[in-house]
Structures are given as structure tokens and as C-alpha cells.
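With the sequence up front, the predicted model follows.
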Protein chains: 2
Amino acid sequence: MHMIPPPPDSVRLCIHTITTKPWAIEEAVERYAAAGVKGITVWREALAGRDPAAIGTCIRDHGLTVVSVCRGGFFPADTGERRLKAIDENRRCIDQAAALGAPLIVLVCGALAGQALAESRKQIADGIAAVLPHAAAARVRLAIEPLHPMYADERSAVNTVSQARVICNGLKSPWLGIAVDVYHTWWDDHLEEEIRASGQEGTLFAFHLCDWRTPTVDILEDRGLMGEGCIPIRQIRGWMEQAGFKGFNEVEIFSRRRWATDQTQYLEDIKTAYFADV
Amino acid sequence: MHMIPPPPDSVRLCIHTITTKPWAIEEAVERYAAAGVKGITVWREALAGRDPAAIGTCIRDHGLTVVSVCRGGFFPADTGERRLKAIDENRRCIDQAAALGAPLIVLVCGALAGQALAESRKQIADGIAAVLPHAAAARVRLAIEPLHPMYADERSAVNTVSQARVICNGLKSPWLGIAVDVYHTWWDDHLEEEIRASGQEGTLFAFHLCDWRTPTVDILEDRGLMGEGCIPIRQIRGWMEQAGFKGFNEVEIFSRRRWATDQTQYLEDIKTAYFADV
């Protein structure tokens, strides 16, 4: 019935800088490259005080590919002025991504506690529409990342691949697609068909990995290493690949527990888990 | 477009014993009655060491209606033997509800971390099918409560009203329906239509209330009092009533923060919040 794919290609392993948050970006680049990691997704926080163009050069000089920048978005707000400010901030993010040489920005779309989710989704679509010309001119793609419904209060009013597809289909741009994160979407009984549909629409732009720990003791920073939890990661990767996705498998783990450990050992654990459980 | 209903009837206010967990059930009954609360949902923990028939009499003597018993369920397990044990436990729960004089049991259906959610849903449907004759004989209805997707690891593989309807429509029994809890379902962009469909199918058995706090600091026990969070409670109540629901509005709040406060004042706050925000 369900075809489970073989272990993933080593050349498709990408790590998000936030995963090894204790490392400055220069150290992360060096360590990832030495460990044979091929892709890096750069969190904007990691660029603070740096020249993005120089960091981009440093990354490429180490043989790594910049997969994406995390993160733009956060479009909903209670006044038009604040929404315009968010749009400006997203344009700056696009400029930064272009300077870094990143082909993609992940969008955590935002939500406003107390505002109807449907209204927030409208503001998200309007915000994305406003920045798309800038993204196209900079040749930087945007990927809507549906977040788990437990973040619907203030992080994202887009909580399913289905809702992300509605926005993509409304705006119809080759510069706009979807980032599927197993953590946010694994529970969705429509996930397989939504991934297939997104693949047919050409919007499968990114694939993020971690695991769901039981119990989860923190709503934000207790994600698990692949294999530590209950998410059928390999099955979901199979759905992505059957739908035509050929991009990186991006390890994005927020874990206070792991950040407190030796990051060099952790990087080895990530590689082991990647081949065993992705 | 959306009709927002007027404040709710005082005669439809019900409180779950877990909401005022520091009170023993005898004290809860007395305090609720004195405060003019009309309904009570009894958690099984509150019955420990008590004769349920005597508690039922005590509740009715205070002018309160027993709305339901929380909770049965937890059907999925890794062996057939354990699944049979869960079924037996649900039959005992039905006996207890019948002795108490409760017309309804709320089912937290269960999940098994690492087992496919579809398989767990099958085991849930099988488990409910196995206990339905016992429920019908005891004249106790069962309500599937879809839980928030953040509980899909080990509390419930039923995470949307849509999935609960699939089970109800598969088993087609007047003794089986759905408990809609705003905390678990508010994020769902199909909620209004799912409530309407459930109403047409005659399965809207219960309605639970609390709010979603920002930030939520505990995945289990940081629920908010109505009005403290972002859930459009009154709008959802409107959907329930438009769909024909005429039952109690049940306040079910797990809150370590609130449990640590004076429960008499808290009960007053609940009443105030009920009229202002439900």
C-alpha cells in the first residue's frame, strides 16, 4: 500500500543554523562542511552584525549550498501602518537573502491573537502579494510554511498545507510555494493528498525535519531529533519524493535540551539519525 | 455574515469538576449549587472511593443536573489483550455513569505514539463498536471528543470533528455522538460546516468551553478562562445553536495557575466570564 522509500541521499542533508544555535554562523559553516553536510539554511538571527554577501561567499567556499533563509512573514497586524511595516521588513529580508545568495525565504506567516483566522489569512495573502514583485526582481522564492495549529494564536493563521495551497493558487506566481515541515503537518489526515496536489501545482519548495517528543514539555523549544518521536518521517519523505520534490532534507530542531549539550557530538547524532530515521 | 448570538442562558451553565480540582466532589456540588450553576460534569477521578449512586443522589438533591462523565476512551494499544482491557474499562465506566445517573460519557479516544494514526482510528472505531451495546443497554450515550492535534501522539488520534463524524457515520448508533470543545477545534477552518453537518446527523452531544492563552506555557494544564484568550467562543456557540444544539455550555478548564487560587473567587470569575465571553 504505502511505499516506504530507502534511506535518504547524503547529498540532500541540510541543517538549519538554529539547530546548532550555540555555534556562531562561521563555526556552524566550518563544522557542517567538515561533517560532510551539503546544505545550510541560515536564520536571520545568525546574520546579526554580519555582511550577508561575505557570509554567502564563506558558505560557498566551504562547499555548502545556501538552501534558504529563515524567516520572513508575520504579516497580520492591527493597523494598516503596522502591516506596511511588516511588508517593508519582508522586502529587507528578500534583499538580505539575495545578498547571501539564498534562492528561498521561508515565511512564518503570522497571526494576531483575537483577530479572526480568516482575516489574518487575508492579510497574509495581501502581504505576500505586496512583496512578490520584489521577490521576483531579486530572484528569491518565498515558501509559506504551514505551522501546527498550536501556533494559530500568534505565529501563523496558516495551519495546513491545504490553506497554504489556497494562498498559492490565489496568487499564482512561480516565486511562491510551500515549505512542508513534518512537525507541523504530520497529524493531518489529508497530508498525503495535499502534498500530491502541491507537487502537481509546482509549489513544493522545501521540506523540514525533526520529531515530536512524548511528552512535549515546551510548546516551542522541545522538538525531537528524528527517531526520538512519533512522526512517520520516512513515509512523509516518500510522499514528498513521489510528488516530485528533489530538494534538500532540512533538519530544523529547536531544543533547549540539545542546545545545552556538546554540539559536535550532536552534529554526529543528527547525521546518524538522518540515515536511520529520515 | 456571521450572526453572533446574545449571551448564553444561565440555566445552561455546567462546570466540570476538574475545573475546580482542589474541591472534593461534595464541596464542588455544594458550591456550584449555591452559585446557581445548573449542570455538573463529573470526572472519574472525583468519584474515587465514593459510591456513584450516592453521589448522583447528592447532586440531584442540590438541584443540579449530571451532564456527563469524563472520561472513557483510550482504545488504541499495541496488543489485542490490552485493547480488550481498554474495552472492559469502558464498560466499567458505563456502569459507573449509569449508577451516577449520567446520560453521557465523554471519550478521549486515545493514540499510541509510533502507531499510524489511521490504525489508531481503526482501533478506536472497533473499541467503540464493542462497547456500544453495553452503552445502549445502560442508556448512556458516548461522545467522541476530537482533541487538538498537539495531543495526537498519545491522547487522541481523532483530532477534528470531521474524523469524529467518520466514526459516527460508520457505526450509526443513536448512542454515539460528538463532544465539541472550543479549545481543541477553534483553529479548524472547516469547523462551522462540520458542526452544521454533525447537527444534521444528530450527533452534537456536548459543548466544552475554555480559552487559549498566549503564550501557552504548558501543553496540558494552562488553559484559560473564557475571555482570557483568542478563541471566538461566542461565534462557535452560535454555530452550535444554529446546528440545533440545546445542551449545556460546559466549562472545562485545566489550569495549574487557577487551581492554586481561591476556588470560591474563581467560581465567581467563571460566572462573570460565562455571561461576558461565552
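Happy to help now that I have it.

what bridges to the closest residue to A:Glu250 other than its chain neighbours?
In this structure, A:Glu250 finds its nearest non-sequential neighbour in A:Cys14, 4.3 Å apart by Cβ to Cβ, 6 or more residues apart in numbering or on different chains. The way it works is simple: take the backbone N, C-alpha and C, and place the C-beta from them, glycine included. When bridges are called by DSSP bridges, A:Cys14 pairs up with A:Gly39, A:Glu250.

wait, isn't A:Cys14 in contact with A:Val42?
No: using Cβ atoms under 8 Å, A:Cys14 makes no contact with A:Val42, being 10.6 Å away.

how about the CA coordinates for stretch A:106-116, as CSV?
Taking C-alpha atoms only, stretch A:106-116 is exported to CSV below (Å, rounded to 0.1, in the frame of the first residue of the first chain):
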residue,chain,number,x,y,z
VAL,A,106,10.7,30.6,4.5
LEU,A,107,7.6,32.5,5.6
VAL,A,108,6.2,32.1,9.1
CYS,A,109,3.1,34.0,8.1
GLY,A,110,1.9,35.4,11.4
ALA,A,111,-1.4,35.7,13.3
LEU,A,112,-2.9,38.1,15.7
ALA,A,113,-4.4,36.8,18.9
GLY,A,114,-8.0,37.8,18.9
GLN,A,115,-8.3,38.5,15.2
ALA,A,116,-10.3,36.0,13.2
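
That one - what's its average pLDDT?
In this model, stretch A:106-116 has a mean pLDDT of 97.

Going by neighbour count, which residues in it are buried?
For stretch A:106-116, burial by neighbour count (16 or more other Cβ atoms under 10 Å in any protein chain shown) applies to A:106-112, A:115.

strand partners of the lengthiest strand in chain A, parallel vs antiparallel please.
When chain A is parsed with DSSP state E, its longest strand is strand A:65-73. Sheet pairing of strand A:65-73 (DSSP bridges) gives strand A:39-43 (parallel), strand A:104-108 (parallel).

Please state the offset of that strand from the chain centre?
Distance, stretch centre to chain centre, for strand A:65-73: 7 Å (Cα atoms, centre = their mean, to the nearest Å).

Kindly report the same for stretch A:144-152.
With Cα atoms, centre = their mean, you get 12 Å for stretch A:144-152.

The residue nearest to A:Glu250: what's it in contact with?
Listed by Cβ atoms under 8 Å, 6 or more residues apart in numbering or on different chains, the contact set of A:Cys14 reads A:37-41, A:65, A:67, A:248-251.

10 Å instead?
Neighbouring residues of A:Cys14 by Cβ atoms under 10 Å, 6 or more residues apart in numbering or on different chains: A:32, A:37-41, A:64-68, A:206-209, A:247-252.

just A:Arg83 next, same as before
A:Arg83 sits in contact with A:75-77, A:110, A:123, A:126-127, A:130, where contact means Cβ under 10 Å, 6+ apart.

just curious, which of these is nearest to chain B?
A:Pro76 (12.1 Å; Cβ to the nearest Cβ).

Next, count neighbours for the closest one.
By the measure other Cβ atoms under 10 Å in any protein chain shown, the count of residues near A:Pro76 is 25.

State the helix or strand in which it lies.
Assigned by DSSP states H and E, A:Pro76 falls within no helix or strand.

got the contact list for it?
A:82-83, A:86, A:109-112, A:115, A:117, A:119-124, A:126-127, A:154, A:156-157 are the contacts of A:Pro76 under Cβ under 10 Å, 6+ apart.

Identify each of the strands in the stretch 101-250 of chain A and give its residue range.
Here the stretch 101-250 of chain A has its strands, by DSSP state E, counting those that start in this stretch, at A:104-108, A:141-144, A:176-181, A:204-209, A:249-251.

Report the rounded mean pLDDT for the last one.
What that stands for is strand A:249-251. Strand A:249-251 comes out at a mean pLDDT of 98.

helices or strands up against that strand?
With contacts taken as 3 or more Cβ pairs under 10 Å, 6 or more residues apart in numbering or on different chains; DSSP states H and E, strand A:249-251 sits against strand A:13-16, strand A:39-43, strand A:65-73, strand A:204-209, helix A:233-242, helix A:263-277.

What pLDDT does the model give the residue nearest to A:Ala276 when sequence neighbours are not counted?
With sequence-adjacent residues excluded and distances taken as Cβ to Cβ, 6+ apart, A:Ala276 is closest to A:Gly227, at 5.9 Å. For A:Gly227, the model assigns a pLDDT of 98.

Can you get me a residue count around A:Gly227?
Residues near A:Gly227, counting by other Cβ under 10 Å, number 16.

ok, now which ones touch it?
A:Gly227 touches A:211, A:233-234, A:269, A:272-274, A:276-278, counting by Cβ under 10 Å, 6+ apart.

Can you get me the start-to-end distance on stretch A:13-21?
Stretch A:13-21 has an end-to-end distance of 18 Å (Cα to Cα, to the nearest Å).

Output the buried residues of stretch A:106-116 as CSV; include the columns distance to B:Arg139.
Below are the buried residues of stretch A:106-116 laid out as CSV (distance: Cβ to Cβ, whole Å):
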residue, distance to B:Arg139
A:Val106, 54
A:Leu107, 53
A:Val108, 50
A:Cys109, 48
A:Gly110, 49
A:Ala111, 44
A:Leu112, 46
A:Gln115, 44
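
ok, so of those, who is nearest A:His190?
Proximity of the buried residues of stretch A:106-116 to A:His190 (Cβ to Cβ) peaks at A:Cys109, which lies at 19.3 Å.

do you know how far that closest one is from B:Ala243?
Remark: distance between A:Cys109 and B:Ala243 (Cβ to Cβ, to the nearest Å) = 30 Å.

Also A:Arg82?
36 Å.

Also A:Trp175?
On the measure of Cβ to Cβ, A:Trp175 and B:Ala243 end up 42 Å apart.

Which one's more surrounded, these two?
Comparing A:Trp175 with B:Ala243 by other Cβ under 10 Å, the one with more neighbours is A:Trp175, at 21 against 18.

re earlier: okay, the angle between the longest strand of chain A and strand A:176-181?
Put simply, strand A:65-73 runs at 100 degrees to strand A:176-181, going by axes from the mean of the first three to the mean of the last three Cα atoms, to 10 degrees.

Next, the angle strand A:204-209 makes with strand A:65-73.
Relative orientation of strand A:65-73 versus strand A:204-209 (the same axes, to 10 degrees): 90 degrees.

now A:Ile15, nearest residue through space, not along the chain?
In space, A:Ile15 is closest to A:Val251, 4.9 Å off (Cβ to Cβ, 6+ apart).

The one you found: neighbour count?
A:Val251, neighbours per other Cβ under 10 Å, totals 25.

and what of A:Asp211?
22.

swap in the one 4 residues further on?
Summarising burial for A:Pro215: neighbours were counted as other Cβ under 10 Å, giving 10.
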